[in-house]
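1. What follows is a predicted protein model with its sequence.
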Amino acid sequence: MALIGCMEQSDKVKDRSRNLPNILWIISEDHGPMIGAFGDSQASTPVIDAFAEQSITFTHAFSVAPVCAPARSTLITGMYPNSIGTHNMRSFGRVSSEITFFTKYLRNSGYYTANIGKHDFNMMPPEGVWDETNDDNRVQDWDRTAYFQKTNGEQPFFSIINLFNTHESRVKRDMENQIRDLSNTKHSADALTIPSYYPDTPQIRQVMAQYYDNIGDVDSALSGILRTLASDGLAEDTIVFFFSDHGTGVPRSKRSPYNSGLHVPLIIHIPRKFEHLTNITAGTKVDDIVSFIDFAPTVLALTNQQIPSHLQGTPFLLADGNRETKYAFGFRDRMDERFDLVRTARTQRFHYIKNFMPYQPHGQHIDSMYRSHEVAKVWTSATQNGSLSAIQSSFFSAKSSEELYDIAVDPYETINLAENPAYKAMLIEMRAATVDWMRKIKDIGLIAESELQKKSFGSSVYDIGQDSSNYDFEQTLKVAELASQMNKSNISQLIASTKHNNDTVRFWGTLGIIALNRDGIDALPSLRPLLKDTSIAVRVNAAEAMCQLSECNESLEVLEKVILNESGAAQLRAAVALDNLDEKVAPILPAIKRLAREYQAVTFHTGKLQDEENINNPDILRLMYISYVKRVLKKLLSDLE
């Protein structure tokens, strides 16, 4: 590699004849392909660009989720989060004992494994997956002292180095947590081209300029990592992956399952010693679809490991044994305090989005999205004052049930082709592919989170999904589809589903009635008995739907009881229902205010969930949900002022 090949190699590595490569993942946070090597002329990334010239660049690489913890759970397990219970941001459901980090297989075969920087996999690390960890988010490299002391450089390694420089929180504050002056960025805010769906304001331009500056910091960090790799004598033995965890940390990218939230840069360098492992020449740009689901089996194949049968991806990059991937699938479920359910499929050219809760806008009010920087605040304000075009304001409006975009001609995804007759065949094909994927993995995202928590006690979320006697996937999917159509003609079928013996089917029947709003009036007689349903999620939905239809007395009593007496996802769902009802909650407003005051003293930082001892601590998890409820109540009370 030109960047490191010219440097003198250290003699720390005693045995260079071994046949197994080191694998190094360099993961930068929260940014899409805002890099010169990916055609972004606004970027200043000379090191990354030079690295790409000596490596393989994948132009169509995709995260499975537009947010960190669920995406990283796929990277480390080789399984879709919406099949194992790590799909909500954040969650930590019970994960099956069959599922582990793929690093355990490497470690068992003689690899030294290290995770340097962020520990954020949405699940508790199983036993025996790491030899070394460092949870300091400010790290810019891996100090390999412990590795050399323990292995004398004779043991191959797999290591992750996480670079926090581009996390959304680093826009307003630098890596030392000092406040930045966004009026003084290296990149000219005025010279940037910003996406057409944003209002063109100085504040948004400044945020984007700072983002390009921060990517420049990642560029510098990569330079240092490559240099120490060479000086430690490891460059010619190490396959290097450079990629980000999801799209850029601004609204409609991070947390949003658009191309801007899922498309990531991916560059892989294979040293000459291991060129036989691939049939792709260095310097090549590859247009094949690559997904995070494929990373674990690829690393296992590169290191000559057997790939466990439960892994859900397929290797890429190899000289042989690859299978062509036509689709990259993605999802969005609960994002912090807001519930949603979206599934996506991406080909090289088209992007399909299925919104199962279209009455919820893509731009739901998520507290962290507003705290990180000014984009959400400015965008919301401009939308509310009516100064934006339909394209610019649509982020905060109800979604379509289906979206289809031609990325080749519409890279910002502003022209929905789902109802265009010329694209009907493509819509049908990608819809079917998405449903087939959900069916294959037994997508448990359709089950209410509170019910998953209850049902997985003593078992695991994955096991529940695989148990057809407990999870009627086909009937649930059928009703979820009806609910997503927001069509009054479906009311009879939705009412019938509220009487089904499966609580997940009833859950979606009541969600469909909520989505119909006033058009759901005929469902009132069927909703009343559901206020006493065995499923808390169904009770909450029924109460919200009834109050939405102006029968609020009993409904508000149910919601008050749940929010005051339940915990976890059940309490959060009640809080969100109350927020949706807005001024209708007036009769129980004193109780809401008392609870909000009680929760004011609760402080919680999600970083606590990166500590292994906290992940399964009921008190810590309870605080997580309370922090989300606190955010929802704050928003509700603010709106009512």
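-> Received, thanks.
2. gap between the closest residue to residue 395 other than its chain neighbours and residue 393?
-> Excluding its sequence neighbours, the residue lying closest to residue 395 (C-beta to C-beta, 6 or more residues apart in numbering) is residue 363, at 4.1 Å. Bear in mind the C-beta positions are built from the backbone N, C-alpha and C, glycine included. Distance of residue 363 to residue 393, given as C-beta to C-beta, to the nearest Å: 9 Å.
3. sorry, back to before: what's the burial count for the residue nearest to residue 395?
-> 21 (other C-beta atoms under 10 Å).
4. what's the answer for residue 368, then?
-> Based on other C-beta under 10 Å, the number of other residues close to residue 368 is 17.
5. On the pLDDT front, check it for me.
-> Looking at residue 368, its pLDDT reads 94.
6. Make sure it is actually in contact with residue 336.
-> Yes: using C-beta atoms under 8 Å, residue 368 is in contact with residue 336, at 6.0 Å.
7. quick one: the strands in the stretch 351-500 of the chain?
-> Assignment of strands within the stretch 351-500 of the chain using DSSP state E, counting those that start in this stretch yields the ranges 402-406.
8. Then the stretch 201-350 of the chain?
-> 238-244, 263-269, 285-291, 328-332, 342-346, 350-355.
9. and among those, the most buried is which?
-> Greatest average neighbour count among the strands of the stretch 201-350 of the chain goes to strand 328-332 (a mean of 27), per mean count of other C-beta atoms under 10 Å.
10. what are the pairing partners of it, and which direction each?
-> strand 342-346 (antiparallel) (DSSP bridges).
11. what's the closest of the strands of the stretch 201-350 of the chain to residue 434?
-> Among those, strand 342-346 comes nearest to residue 434, with 4.7 Å by C-beta to C-beta.
12. Next one: residue 513 from residue 319, what distance?
-> With the distance defined as C-beta to C-beta, residue 513 ends up 55 Å from residue 319.
13. Same question for residue 133.
-> Counting by C-beta to C-beta - residue 133 and residue 319 are separated by 33 Å.
14. Likewise for residue 580?
-> 54 Å.
15. residues contacting residue 172?
-> Neighbour list for residue 172: 179, 180, 182, 372, 373 [criterion: C-beta atoms under 8 Å, 6 or more residues apart in numbering].
16. Apply the buried test to these and list what passes.
-> 180, 182, 372, 373 (16 or more other C-beta atoms under 10 Å).
17. I'd like these as a markdown table, with pLDDT and distance to residue 24 appended.
-> Putting these into a markdown table (pLDDT from 0 to 100; distance: C-beta to C-beta, whole Å) gives the following:
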| residue | pLDDT | distance to residue 24 |
| --- | --- | --- |
| 180 | 97 | 30 |
| 182 | 96 | 33 |
| 372 | 89 | 29 |
| 373 | 91 | 31 |
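18. Please convert those to TSV, extending it with distance to residue 140.
-> Output for these, formatted as TSV (distance: C-beta to C-beta, whole Å):
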residue	distance to residue 140
180	18
182	23
372	22
373	22
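19. of the residues you listed, closest to residue 313?
-> Nearest member of those to residue 313, counting by C-beta to C-beta, is residue 372, at 30.9 Å.
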